[in-house]
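>>> Sequence and predicted structure below; questions after.
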Amino acid sequence: MFDQLVAKLPVGICVVDEQYRLQYLNAFFLDRMRPDQRHNYLQQPLISIFPEQAKFLTRRIKSVFVLQHPSFSYWEQRAHIFPFKSSRPITGEETQMYQNMEIVPISGPSSEQKLACIILQDVTAQASYLMAQQELASALKQEHTAQRKLIKKLDSAQSQLIQAEKMASTGQLAAGIAHEINNPIGFVTANLATLKDYSEQLLNLCDALADKLQVTSPSLAQFSAQTMDTYHYELLKEDISPLVDESCEGLNRVRDIVENLKQFALEESTGWQLFNLHETTQQLVKLVGAQYKAPVYKVSCNPPNLQIFCEPASIKQALTNILINAAQSIKCKGFVKIDIRATAQRVSIKVIDSGVGISAENIKKIFDPFFTTKPEGMGQGLGLSVAYTAIEKHKGKIIANSNPGRGTVVEILVPVVHPEQRHECAEPLGGS
């Protein structure tokens, strides 16, 4: 009777041994497996039946056997552990099952046999309800934010239109903060490197002592082996080096982002000056790419390391707004290319994206203040207007062409100005 009860439970029950071989599956599990997986499953490795989750399951089950404590995984952490479907009670619609999983240590028929019981709960209904509530709350929050932004729209417009003049001082502040962040990153990185060396030496010491005891004193060697097993020495030895490496990799990524921010934000002086357009564009791509990861970014410059005489704050503001617009237009996969070319008379900067594109009706309005095709609350329609004003200050112009569904090309054209001409009024450009 007990077996029949377990078989009918509305939760999945799966029992594996220390080699991850299946010892038992209840009907919940069997009914959701493919037909070819249901026959002769006993003594088959669980990870061979579900290879896509092998690494995750192996780590969780191993920790239960080693520590003899339960292990939990909730749908918020990993939504779909097993590739099972869940049917809606009313509509009958099938959707991928959201799952809570608990693994508990149990004993087998023999007191020395260790087993692990995986308990799988279908929480699709609860997860769907919670996500719907979160979406509703997010929508209400966006609507509230949009209303507040609408009230402050005129103030925001003024703030955006003078942003280019403020970028120099703001950049110095950002560079100072980046410098302060780099200090703790530096000593934490150094400490981690030292910690890795110490841990390797400590592990080598333990191995050397164990080898020596094996030769000189079998009794002490047996005690050493039992002690190491008690404190899970093999698990520590396996885990400690990857953990330190992952921490170092994370710190290196933070340091790279901070360094790019520092280099992009900091100006040696304000006003017109020589400005490395190629280098700054590469830094900007790294910063935007850290936030918008969908596109693949590429920068080309001819000649390489091109320097121009300009007001860097305005050029940076224009490039930032145009590049962010390009990145936001790509929802899943695509590319953003920045192609910089210079002649004796002018510099061309093309930002090419493979995003959703802009309709012929809207392409004529994109540089108008407050014009935007983004949902209410997602943008004020000032980014390209500010970019247009910044480039106009350099007697240049911006040209936009787009093919809906295939992408957009925005080209910045500015005349070449030499330092001795900084107080002269450059002639506006002619045709493209």
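Yes, it's here.
>>> L5 belongs to a helix?
Yes - L5 sits within a helix when classified using DSSP: H, G, I helix; E, B strand; the rest coil.
>>> and it, how many neighbours?
Here the neighbour count serves as a burial measure; for L5 (other Cβ atoms under 10 Å) it reads 9. To be clear about C-beta, it is placed using only N, CA and C from the backbone, and glycine gets the same treatment.
>>> Then the one 10 residues further on?
Other residues near V15 come to 17 when the count uses other Cβ under 10 Å.
>>> Check the contact between it and Q113; I expect there is one.
No - contact criterion Cβ atoms under 8 Å: V15 and Q113 do not qualify, at 11.1 Å.
>>> Quick one: residues contacting V409.
Applying Cβ atoms under 8 Å, 6 or more residues apart in numbering, one finds that V409 lies in contact with 350-353, 400-402.
>>> How much space separates it from D353?
Taking Cβ to Cβ, to the nearest Å as the criterion, V409 is separated from D353 by 8 Å.
>>> do R253 as well
From R253 to D353 the distance is 25 Å (Cβ to Cβ).
>>> what does K196 give?
On the measure of Cβ to Cβ, K196 and D353 end up 42 Å apart.
>>> Those two - which one has more neighbours?
Neighbour count, other Cβ under 10 Å: between K196 and D353, D353 has more, with 26 against 17.
>>> Spell out for me which residue occupies the centre of this structure.
K293 (6.9 Å; Cα atoms, centre = their mean).
>>> so where do the helices sit in this protein?
Counting by DSSP state H, one finds helices in the chain at the ranges 2-8, 27-32, 35-38, 46-49, 54-67, 124-151, 153-161, 163-216, 218-230, 233-265, 277-291, 312-328, 360-363, 383-393.
>>> and the third one, what other elements does it pack with?
To tie it back to what came earlier, the one meant is helix 35-38. For helix 35-38, there is no helix or strand it packs on, judged by 3 or more Cβ pairs under 8 Å, 6 or more residues apart in numbering; DSSP states H and E.
>>> try the fourth one
The elements that helix 46-49 packs onto, with contact taken as 3+ Cβ pairs under 8 Å, 6+ apart, are helix 54-67.
>>> Just the CA coordinates for the helix it packs on, please, in PDB.
Written as PDB, here are the backbone C-alpha positions of helix 54-67 (Å, rounded to 0.1, in the frame of the first residue of the first chain):
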ATOM      1  CA  ALA A  54      24.300  16.600 -15.700                       C
ATOM      2  CA  LYS A  55      26.800  19.100 -14.200                       C
ATOM      3  CA  PHE A  56      24.200  20.800 -12.000                       C
ATOM      4  CA  LEU A  57      22.700  17.500 -10.800                       C
ATOM      5  CA  THR A  58      26.100  15.900 -10.200                       C
ATOM      6  CA  ARG A  59      27.200  18.800  -8.000                       C
ATOM      7  CA  ARG A  60      24.000  18.900  -6.000                       C
ATOM      8  CA  ILE A  61      23.800  15.100  -5.400                       C
ATOM      9  CA  LYS A  62      27.500  14.900  -4.600                       C
ATOM     10  CA  SER A  63      27.100  17.600  -1.900                       C
ATOM     11  CA  VAL A  64      24.200  15.600  -0.300                       C
ATOM     12  CA  PHE A  65      26.300  12.400  -0.200                       C
ATOM     13  CA  VAL A  66      29.400  14.200   1.200                       C
ATOM     14  CA  LEU A  67      27.700  16.500   3.700                       C
END
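>>> can you pull out the strands in the stretch 301-432 of the chain?
Under the criterion DSSP state E, counting those that start in this stretch, the stretch 301-432 of the chain carries strands at the ranges 307-310, 334-342, 346-353, 397-403, 407-415.
>>> Dump those into TSV; add mean pLDDT and distance to A221 as well.
Conversion of the strands of the stretch 301-432 of the chain to TSV gives the following (pLDDT from 0 to 100; distance: least, Cβ to Cβ, whole Å):
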stretch	mean pLDDT	distance to A221
strand 307-310	89	69
strand 334-342	94	61
strand 346-353	94	66
strand 397-403	91	75
strand 407-415	93	69
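>>> right, so of the ones you listed, which gets closest to Q214?
Ranking these by proximity to Q214 (Cβ to Cβ) places strand 334-342 first, at 59.1 Å.
>>> where does this protein have its least confident helix or strand?
helix 153-161 (a mean of 55; mean pLDDT, DSSP states H and E).
>>> Cool, thanks, signing off.
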